[in-house]
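Novice: coordinates for the following, if possible.
(one chain, ligands or ions: 1)
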Amino acid sequence: MKKIQMVDLISQHAQIQTEINDAVNVVIENASFINGPQVKSFGSNLSEFLDVKHVIPCGNGTDALQIALMALDLPEGSEVICPAFNYVATAEAAALLKLKPVYVDVDPELFFMDLEQVKEALSPNTSAIMPVHLFGQSGDMEAVLDIAKQQGLKVIEDAAQSIGAKSKNSRSLGTIGDLGITSFFPSKNLGCMGDGGAIFTNHEALADKSRMIASHGQSKKYHFSRIGVNSRLDSIQAAILDVKLKYLNNYIRQRQELANYYTQELSSIDQLQLPKKSKFSDHVFHQYTMVIASESLRDDLKNYLSDKGIPSMIYYPKPLPYHEAFEYLGYKKGDFPVTEALCEKVLSLPMHTEMTVEQRSYIVEQVQNFFK
Ligand SMILES: Cc1ncc(COP(=O)(O)O)c(C=O)c1O
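Specialist: Numbers count the residues shown, from 1 in each chain. Alright, predicted model coming up:
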């Protein structure tokens with residue numbers, strides 16, 4: 001049996017290698033490395049795929065968050081509500097811009113920001129909410145929009161892990177708030193072969209501003225209207241993404257099939273909470289994340305699987321507010337009980353588009369054996 005990987009990009013690449021090579025060769029032959037036609041083409045294909053008016057490609061998902069926040073011109077020092085159980089980039093971008101991340105706990109099933117806590121976290125200084133569609137599905141975005149509307153707040157959706165997922169009323173995640181972002185990090189559902197990211201919006205003025213900010217704040221060549229950044233998706237990555245975009249729905253289907261298989265085979269194990277189906281969106285399974293009954297059992301399972309040649313990952317091992325970088329915010333242990341419990345108990349199984357039948361049965365067999 002082929003070695004099991006958490007993400008098998010080598011096998012995925014092998015399936016589309018000729019198409020990728022051809023697309024990359026066009027860029028090389030024309031030396032159109034920066035702002036080549038591939039960037040425009042990919043941007044417009046992605047905007048059609050997501051049914052959003054504007055896609056602004058940029059250097060990576062973290063830049064996309066920063067640019068989206070800059071485009072909103074939020075008052076310095078104002079508060080931005082972010083989930084405590086998440087990757088660092090969302091709150092990091094806010095903090096970098098001298099906005100104050102205000103963390104809220106998440107719900108224990110969908111890992112979406114707890115909306116009661118969002119309401120409690122509101123203050124006269126709140127300027128934005130940053131919901132994150134963790135692992136590939138969403139919570140109640142309509143409720144987020146309602147809160148934002150009532151309070152006059154902006155909503156920036158982090159769809160780095162959920163590209164291609166749709167809300168219950170068929171809107172692509174990442175296109176529901178004022179602005180949304182994604183990452184094309186290689187292991188993402190739509191990943192390139194380096195770094196990449198994009199900003200989404202249906203608002204023309206925000207799209208223009210985001211484009212300008214991503215390009216040194218230039219309103220036209222050598223006319224610098226505001227302080228910006230240099231954040232570009234290069235043409236080679238755009239060419240690769242344009243090829244892979246055609247396969248994204250297939251990739252998602254393969255992930256969902258694998259997730260269904262895991263769920264079907266593992267559902268009788270009482271000590272496991274398997275991914276819950278959201279009533280607010282579908283799930284594109286960037287990760288298949290289980291919650292195990294206890295920390296020691298989780299750690300033992302991880303070691304047991306590792307001994308059997310099965311990788312697994314802990315996303316995420318520590319609540320964000322307790323990291324040194326966020327110490328200045330003054331949070332303390334006990335402030336985010338759900339996030340704390342999740343950090344102790346979550347474990348993600350291998351999830352990718354190239355899993356063989358033999359590999360997936362071996363994985364569930366070993367998980368079942370551990371709990372026997
Ligand atoms: C939820 C989330 N937000 C933002 C990012 C940042 O994306 P990038 O690594 O492309 O900067 C990631 C990627 O790892 C992510 O998972």
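Novice: would you map the strands across the stretch 101-250 of the chain?
Specialist: Taking DSSP state E, counting those that start in this stretch as the test, the strands found in the stretch 101-250 of the chain are 126-129, 154-158, 179-183, 197-201, 218-220, 223-224.
Novice: what's in contact with stretch 87-102?
Specialist: 61-62, 65-66, 69-70, 74, 76-83, 103, 121, 123, 125-128, 130, 132, 158, 160, 183, 315-316, 320, 323, 325-326, 329 (Cβ atoms under 8 Å, 6 or more residues apart in numbering). C-beta coordinates here come from the backbone N, C-alpha and C atoms, glycine included.
Novice: those residues: which ones sit near the ligand?
Specialist: 61-62, 132, 158, 160, 183 (Cβ under 6 Å from any ligand atom).
Novice: could you export those residues as TSV, including pLDDT?
Specialist: As requested, these are exported to TSV (pLDDT from 0 to 100):
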residue	pLDDT
G61	98
T62	98
V132	98
D158	98
A160	98
S183	98
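Novice: with neighbour count added, can I get the residues you listed in TSV?
Specialist: Output for those, formatted as TSV (neighbours: other Cβ atoms under 10 Å):
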residue	neighbour count
G61	27
T62	23
V132	26
D158	29
A160	29
S183	27
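Novice: let's have the strands of the stretch 101-250 of the chain in TSV, adding distance to K40.
Specialist: Formatted as TSV, the strands of the stretch 101-250 of the chain follow (distance: least, Cβ to Cβ, whole Å):
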stretch	distance to K40
strand 126-129	29
strand 154-158	24
strand 179-183	18
strand 197-201	13
strand 218-220	17
strand 223-224	21
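Novice: pLDDT below threshold where in this structure?
Specialist: For the chain, no stretch is flagged by pLDDT under 70.
Novice: and the helix ranked longest in it, which residues are buried?
Specialist: In the chain, assigned by DSSP state H, the helix with the most residues is helix 9-30. Across helix 9-30, burial judged by 16 or more other Cβ atoms under 10 Å covers 12, 19-20, 23-24, 26-27.
Novice: contacts for the following helix or strand past it next, please.
Specialist: Counting by DSSP states H and E, the element after helix 9-30 in chain order, helix or strand, is helix 37-50. Residues from elsewhere that reach helix 37-50 (Cβ under 8 Å, 6+ apart): 23, 26-27, 32, 53-57, 163-164, 172, 174-175, 198, 200, 232-236, 238-239, 241-242, 245, 248.
Novice: again, but for stretch 252-260
Specialist: 136, 164-165, 189, 275, 283-286, 288, 351-353, 355, 360.
Novice: show me which of these is closest to the ligand.
Specialist: H286 (7.8 Å; Cβ to the nearest ligand atom).
Novice: quick one on the thing from earlier: can you give me the angle the longest helix of the chain makes with helix 37-50?
Specialist: Here the directions of helix 9-30 and helix 37-50 differ by 130 degrees (axes from the mean of the first three to the mean of the last three Cα atoms, to 10 degrees).
Novice: what's in contact with helix 9-30?
Specialist: 2, 33, 36, 38, 186-187, 191, 235-236, 239-240, 242-244, 247, 352-354.
Novice: quick one: which of the residues you listed sit in helices?
Specialist: Reading helices off the contacts of helix 9-30 with DSSP H, I get 38, 235-236, 239-240, 242-244.
Novice: which ones, among the residues you listed, also lie beside the ligand?
Specialist: Within the ones in helices among the contacts of helix 9-30, nothing lies near the ligand by Cβ under 6 Å from any ligand atom.
Novice: flag every buried residue along stretch 212-226.
Specialist: 212-215, 217-218.
Novice: ok, residues contacting it?
Specialist: With Cβ under 8 Å, 6+ apart, stretch 212-226 has contacts from 56, 58, 63, 67, 70-71, 199, 227-232.
Novice: let's see that with 6 Å instead.
Specialist: 58, 67, 70-71, 227-228, 230-231 (Cβ atoms under 6 Å, 6 or more residues apart in numbering).
Novice: tally of neighbours for Q366?
Specialist: Q366: 17 surrounding residues under other Cβ atoms under 10 Å.
Novice: what parts of the stretch 251-372 of the chain come near the ligand?
Specialist: Contacts of the stretch 251-372 of the chain with the ligand, taken as Cβ under 6 Å from any ligand atom, are absent.
Novice: which stretches of the stretch 251-372 of the chain form strands?
Specialist: Under DSSP E, counting those that start in this stretch, the stretch 251-372 of the chain gives strands at 272-273, 288-292, 346-349.
Novice: check the offset of the longest one from the chain's centre.
Specialist: Averaging C-alpha coordinates over strand 288-292 and over its chain gives two centres that are 17 Å apart (Cα atoms, centre = their mean, to the nearest Å).
Novice: grab the nearest non-local neighbour of whatever residue of the chain ends up closest to the ligand.
Specialist: Relative to the ligand, the nearest point of the chain is G61 (2.5 Å; Cβ to the nearest ligand atom). Spatial nearest neighbour of G61, excluding adjacent residues (Cβ to Cβ, 6 or more residues apart in numbering): S183 at 2.7 Å.
Novice: now the one you found: how far from G217?
Specialist: 23 Å (Cβ to Cβ, to the nearest Å).
Novice: sorry, back to before: for the residue of the chain closest to the ligand, give me phi and psi.
Specialist: Torsion angles at G61 (phi, psi; degrees, to the nearest 10) stand at phi -70, psi -30.
Novice: surely it and A160 touch.
Specialist: Yes - using Cβ atoms under 6 Å, G61 is in contact with A160, at 4.5 Å.
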